[in-house]
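Chemist: Pasting a predicted model and its sequence here:
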Amino acid sequence: MSFELRIRRRMPAPRGAMGSGFALDLDLRTAARRLVIHGPSGAGKSLTLQAVAGLLRPDDGLIRVAGETLFDSAQPLDRPSRERRLGYLFQDYALFPHLDVRQNIAFGLQQGWRNPSRTGADERVRHWLGLMGLEGVASQRPHQLSGGQRQRTALARALITEPRALLLDEPFAALDPALRERLRQELSALLERLQIPLLMITHDAEDLERFGEARVQLQDGRVVASTL
Ligand SMILES: Nc1ncnc2c1ncn2[C@@H]1O[C@H](COP(=O)(O)OP(=O)(O)OP(=O)(O)O)[C@@H](O)[C@H]1O
């Protein structure tokens, strides 16, 4: 199985707001290597991704990725986020503005919060700079990069740790259509090469078409349609 997700989590309504809050309640498993979760705004897609990444603790359930149990309320087991070995790409890429491209990528390899050294060109960083076509901009900071270069830097930072799976949150939303198409192709080729499972959440019908080997539609925290 690539993904086995049974997640129940209640989010309280903000203080002063009407209603009883939001309830995420999903149950799915798939052997497909590429799973896309889609649905309207507020459906619970980000909460699901956060739970898989270990950033949101389910009230109960089971989270298994690539055969490895990451959370199981029955045992109980809750592997800390940093031990889950997942490559997590946020929608805005969350690059460090004060670090250049090489340092941002190297950060994936760092244990603590020390600044990765500017020299000492690590073999793996060089490998990923090359793979992503970023050698020419290795010394530039995020604000000096194009959208595509920023996205490739963030992908390299996520992948350099050799994660067991890749989690992507609306990965192409910030890009113009031509670049979006090119990066879709690059990501597809990369996944083919790395052979790791992908969990993507998106609003984009084209993402769903291209990456949705398995598809789950969420609404109000529940699965309303799926092809698994
Ligand atoms: N920290 C929180 N506390 C309380 N409620 C929350 C919290 N985070 C999210 N929610 C609620 O949970 C619901 C689902 O949010 P979520 O971010 O998962 O939606 P989404 O499907 O990712 O939407 P979008 O596509 O707009 O990003 C929303 O109603 C939101 O208000």
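Modeler: Thanks, I have it.
Chemist: check which helix or strand covers the residue minimising distance to the centre of the chain.
Modeler: For the chain, the residue sitting closest to the mean C-alpha position, by CA atoms, centre = their mean, is residue 167 at 2.3 Å. Under the assignment given by DSSP states H and E, the secondary-structure element containing residue 167 is strand 165-169.
Chemist: Averaged pLDDT, that strand. What do you get?
Modeler: Over the span of strand 165-169, the pLDDT mean works out to 94.
Chemist: Which other helices and strands does the next helix or strand after it contact?
Modeler: Proceeding N to C from strand 165-169, the next assigned helix or strand is helix 177-194, under DSSP H and E. Where contact means 3 or more CB pairs under 8 Å, 6 or more residues apart in numbering; DSSP states H and E, helix 177-194 is packed against helix 147-159, helix 205-211. In this view, the C-beta of every residue, glycine as well, is placed from N, C-alpha and C.
Chemist: follow-up on the earlier one: and the residue nearest to the centre of the chain, how far from the ligand?
Modeler: For residue 167, the distance to the ligand (CB to the nearest ligand atom, to the nearest Å) stands at 13 Å.
Chemist: Show me what stretch 139-149 is in contact with.
Modeler: When contacts are taken as CB atoms under 8 Å, 6 or more residues apart in numbering, the neighbours of stretch 139-149 outside the stretch itself are 93, 95-102, 104, 134, 137, 150, 153, 174-176, 179, 182-183.
Chemist: Can you select the buried ones among the residues you listed for me in PyMOL?
Modeler: A single PyMOL command is used to select the members of the contacts of stretch 139-149 judged buried by 16 or more other CB atoms under 10 Å:
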select buried, resi 93+95+99+100+101+102+104+134+137+150+153+175+179+183
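Chemist: ranges for the strands of this protein?
Modeler: Remark: strands of the chain, listed N- to C-terminal, are 3-11, 22-30, 34-38, 60-65, 68-72, 77-78, 86-89, 165-169, 198-202, 214-219, 222-227; assignment by DSSP state E.
Chemist: okay, those, which one's buried deepest?
Modeler: Among the strands of the chain, strand 198-202 has the highest mean neighbour count (mean count of other CB atoms under 10 Å), at a mean of 25.
Chemist: Show me what it is in contact with.
Modeler: Applying CB under 8 Å, 6+ apart, the external contacts of strand 198-202 come out as 3, 33-38, 45-46, 48-49, 52, 65, 165-171, 173, 191, 207-208, 211.
Chemist: Repeat the analysis, applying 6 Å as the threshold.
Modeler: Counting by CB atoms under 6 Å, 6 or more residues apart in numbering, the neighbours of strand 198-202 from elsewhere in the structure are 34-38, 45, 49, 166-170, 191, 211.
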